[in-house]
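Peer 1: Provided below for reference: sequence and predicted model.
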Amino acid sequence: MATTTAVSSNIRAGQLPRYSPVGLLILSLIVTGGLFLVFLLAGMTAAYNVTGAIFFGLVLWVVVTYVASFLVEGSRRAKDRLVTALVCTAFGVALIPLLSLLVTVIARGAERFDGSFFSESMRNVTGVGGGAIHAIVGTVEITLAATVISVPIGLLAAIYLVEYGRGAIARGITFLVDVMTGIPSIVAGLFAYALFILLTGNAAYRSGFGGAVALSLLMIPIVVRSSEEMLKLVPMELREASYALGVPRWLTIGKVVLPTALAGIVTGIMLGIARIIGETAPLLLIAGFTDSMNYNLFNQQMMSLPVYAYTQLTNPGTPTDPFFDRAWTAALVLIAIVLLLNLIARLVARFFAPKLPR
Amino acid sequence: MTASTAPAPRSVRRLGDRVFSGAALTGGLIILVALAAVAIFLVAQSIPAIGASSTDIESSGAYPNFWAYVGPLVFGTIWAALLALLFAVPFSIAIALFISHYAPRRIARALGAVIDLLAAIPSVVYGAWGIFVFAPFVQPFYAFLGSTLGWFPLFAGPVSPTGRTILTAALVLAVMVIPIVTSLSREIFLQTPRLNEEAALALGATRWEMIRMAVLPFGRSGIVAASMLGLGRALGETFAVALVLSPSVIVSAFLLKSENPTTIAANIALQFPDSYGLSVNVLIATGLILFVITFVVNAASRAIVGRRGGGKGI
């Protein structure tokens, strides 16, 4: 199977030609593709096995590349090419779930991506129809509340760590922020639940605000970490110039340091929102689920988009299709929001970043 | 306000300064208090459960005490997370190497952002994808594995007809963990001293030999730390498991059977909405155990990073 390489006296003598990796890949895919076509025609497989063809094509590619390189270039280069092939394959394989997921969500979510999905709730809906306006309102309210709680606390803590913090307290806070980053989301939900039943004395207490508290527990460390990084990037010279003009420390932070780092901080906050807006577990526990609209953040169960998708998936009526369709559309809306937030965050970071002297 | 706790006393303390530094300190202290509150509330709510008798734990009353109930859950949690890591770590290292050392410089950043997209997708969407797309996709492979390698204990049959097994859940978890481990490993690989790499290349090393001699030894502790962070994430992940598995509280290491162990987080999510009374406390106690496990894993990973870091930080 080794490709024939003309041994010549030029500088690339004793090496595979430059196009050999790509050429061998195409060749391998053609071979396995043809092989599986034969299987199909011989009646061994019911349908054309695309996955099998690609998989065995890649395996063949890796093997052939190694053998060809071993014969022409020797064992060291062969090993190098083998690893290159494996690393490239790994990256390609990692993209498959992403693509498959996006295609599935868009294809199946498009079914119910219509006006009534964004204008109706699920009240008195048992089959076809209905929408998720109550979940969208819930998600927006809960996320905004979580942001309102997290941003001041997170930002102040970051300012403390960068501008003031020395000694044991600062080290302790840094460590705990790290620990907080790793809190499982469901534990945050349990905490909010335990907190609110203790405060209200009502074991069946559910509210959107509880969900916001749980989410802010997850969002605060993200805000702290990103703001901290951004504040550290502000050059010391700017602060010193401000002090030299007699500006007090708090005004220096407020008028010089924060505006300089603002774009980065906003980016961090938006990435934090993107992270928590898809959280299901805490909201399932403390915000609960309902079929009706609820505008009141502090009273009664409040639906949110992730929980909506979850309940539609796990408690479908008969027939199941309208429920699954709604779940996929909710997933589509959710992914669209998350990707949009990520995109805006990156754009903010790119266009509003101050020109720092490096 | 909190002038007494403000650091670094100065000759002149303006009011604005005192208020501002006090506010900043308060922000930091709220974090301390919040985390302490998490621990205290969870412990307070868990105490009744630890001594609970059999009938309170689940309606069936099949468990003599709390520990008999939580044991299989802990096993399931760690088992699923370790399986996920088994798939995720080699892939993540390869992807990180691809982005840092193989891909063309100009598109490397964009490729990194694409992998980061995997982390942005909500877990409930992963769960739905796992049920409807991934499980049917892998089921034929499981059937094949079960029929050819059934003699190997892990792959013993009968193979689940739906493909919704612990292996599927672990694979979905692996997809969710890959971006985390990848982005950290990538950062570390990029920090490899330029001179070491160039020295290896100048001695005639191939790219792989350069990576093996310069990049991987430099990044070893970083890879361990990144994997442990990924492990922490996989331990606490809820819906990929809750949706994909049809769970039961058992200890079973079989990968392909219909009957699978479940994880703490998934069990809480599934049981909580229908629970009341002491069974809620039992669930909170299992959550506390999950918290402790992830705390230990994360703290260990941070310690490894910290010991190595020396100000470079990740």
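Peer 2: Good, I have the coordinates.

Peer 1: Now do A:Leu283 against B:Phe137, distance only.
Peer 2: 29 Å (CB to CB, to the nearest Å). No exception for glycine: its C-beta is placed from N, CA and C like everyone else's.

Peer 1: Who has more neighbours out of those two?
Peer 2: Under the neighbour definition other CB atoms under 10 Å in any protein chain shown, A:Leu283 and B:Phe137 were set side by side, and A:Leu283 has more, 31 against 14.

Peer 1: How about the stretch 51-200 of chain B: which residue is closest to chain A?
Peer 2: Going by CB to the nearest CB, chain A is nearest to B:Pro122 of the stretch 51-200 of chain B, at 2.6 Å.

Peer 1: Determine the longest helix present in the chain.
Peer 2: Because you didn't say which chain, this covers chain A. Counting residues, the longest helix found in chain A (DSSP state H) is helix A:75-109.

Peer 1: Chain B, not that one
Peer 2: Looking only at chain B and at elements set by DSSP H, the helix with the highest residue count is helix B:15-50.

Peer 1: That helix packs against which elements?
Peer 2: For helix B:15-50, the elements it packs on are helix A:133-159, helix A:167-181, helix A:185-200, helix A:208-233, helix A:249-252, helix B:278-309, judged by 3 or more CB pairs under 8 Å, 6 or more residues apart in numbering or on different chains; DSSP states H and E.

Peer 1: Low-confidence ranges, chain A, go.
Peer 2: Residue ranges of chain A with pLDDT under 70: A:1-13, A:45-46, A:354-358.

Peer 1: circling back: next up, phi/psi of the residue of the stretch 51-200 of chain B closest to chain A, please.
Peer 2: In terms of degrees, to the nearest 10, the main-chain angles of B:Pro122 are phi -60, psi 150.

Peer 1: Roughly how far does it sit from A:Leu102?
Peer 2: Plainly put, B:Pro122 is 13 Å away from A:Leu102 if you go by CB to CB.

Peer 1: shared neighbours of the two, anything?
Peer 2: With contacts taken as CB atoms under 8 Å, 6 or more residues apart in numbering or on different chains, B:Pro122 and A:Leu102 have A:Ile335 as neighbours in common.

Peer 1: Which one's more surrounded, these two?
Peer 2: Counted by other CB under 10 Å, B:Pro122 and A:Leu102 do not tie: B:Pro122 has more neighbours, with 25 against 17.

Peer 1: Skipping its backbone neighbours, what lies nearest B:Val181 in space?
Peer 2: Distances taken as CB to CB, 6 or more residues apart in numbering or on different chains place B:Ser92 nearest to B:Val181, at 3.7 Å, with adjacent residues excluded.

Peer 1: Pretty sure that neighbour sits against B:Gly230.
Peer 2: Yes: using CB atoms under 8 Å, B:Ser92 is in contact with B:Gly230, at 7.4 Å.

Peer 1: So for those two, which residues contact both of them?
Peer 2: For the pair B:Ser92 and B:Gly230, residues contacting each of them under the criterion CB under 8 Å, 6+ apart are B:177-178, B:181.

Peer 1: can the residues you listed go into JSON lines with extra columns for neighbour count, distance to B:Ile166 and secondary structure?
Peer 2: Formatted as JSON lines, the entries for the shared contacts of B:Ser92 and B:Gly230 read as follows, by neighbours: other CB atoms under 10 Å in any protein chain shown; distance: CB to CB, whole Å; DSSP: H, G, I helix; E, B strand; the rest coil:
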{"residue": "B:Val177", "neighbour count": "30", "distance to B:Ile166": "16", "secondary structure": "helix"}
{"residue": "B:Ile178", "neighbour count": "26", "distance to B:Ile166": "19", "secondary structure": "helix"}
{"residue": "B:Val181", "neighbour count": "28", "distance to B:Ile166": "21", "secondary structure": "helix"}
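
Peer 1: Check the chain and tell me which residue is nearest its centre.
Peer 2: You didn't pick a chain, so chain A it is. A centroid search over chain A (CA atoms, centre = their mean) returns A:Arg275, at 6.6 Å, as the residue closest to the centre.

Peer 1: right idea, wrong chain: chain B
Peer 2: Within chain B, the residue whose C-alpha comes closest to the C-alpha centroid is B:Arg233; the distance, by CA atoms, centre = their mean, is 1.7 Å.

Peer 1: list the contacts for A:Leu283?
Peer 2: Contact partners of A:Leu283, counting by CB under 8 Å, 6+ apart, are A:142, A:189, A:211, A:214-215, A:304, A:306-307.

Peer 1: on that earlier part again, can you point out the buried residues in the longest helix of chain B?
Peer 2: Applying a neighbour-count criterion of 16 or more other CB atoms under 10 Å in any protein chain shown, the buried positions in helix B:15-50 are B:17, B:20-31, B:34-35, B:38, B:41-42, B:45-46, B:48-49.

Peer 1: for A:Gly182, phi and psi?
Peer 2: phi -100, psi 0.

Peer 1: Spit out the contact partners of it.
Peer 2: With CB under 8 Å, 6+ apart, A:Gly182 has these contacts: B:229, B:232-233, B:236, B:294-295, B:297-298.

Peer 1: ok but B:Asn267 is inside a strand, no?
Peer 2: No: B:Asn267 sits outside any strand when classified using DSSP: H, G, I helix; E, B strand; the rest coil, being helix.

Peer 1: A:Val223 and A:Leu27: what is the separation?
Peer 2: With the distance defined as CB to CB, A:Val223 ends up 52 Å from A:Leu27.

Peer 1: okay, those two: which has more neighbours?
Peer 2: More neighbours sit around A:Val223 than around the other of A:Val223 and A:Leu27, counting by other CB under 10 Å; the figures are 26 against 17.

Peer 1: Do I have it right that the more buried one meets A:Ala158?
Peer 2: Yes: with contacts counted by CB under 8 Å, A:Val223 reaches A:Ala158, the gap being 7.3 Å.

Peer 1: so what sits against both of the two?
Peer 2: Both A:Val223 and A:Ala158 lack any common contacting residue under the criterion CB under 8 Å, 6+ apart.

Peer 1: got the contact list for the residue in the stretch 151-300 of chain B positioned nearest to chain A?
Peer 2: Ranking the residues of the stretch 151-300 of chain B by distance to chain A (CB to the nearest CB) places B:Gly236 first, at 2.4 Å. If you count contacts by CB under 8 Å, 6+ apart, B:Gly236 has them with A:182-187, B:265, B:290, B:294.

Peer 1: What does it show for phi and psi?
Peer 2: Its backbone dihedrals place B:Gly236 at phi -90, psi 0, with angles given as degrees, to the nearest 10.
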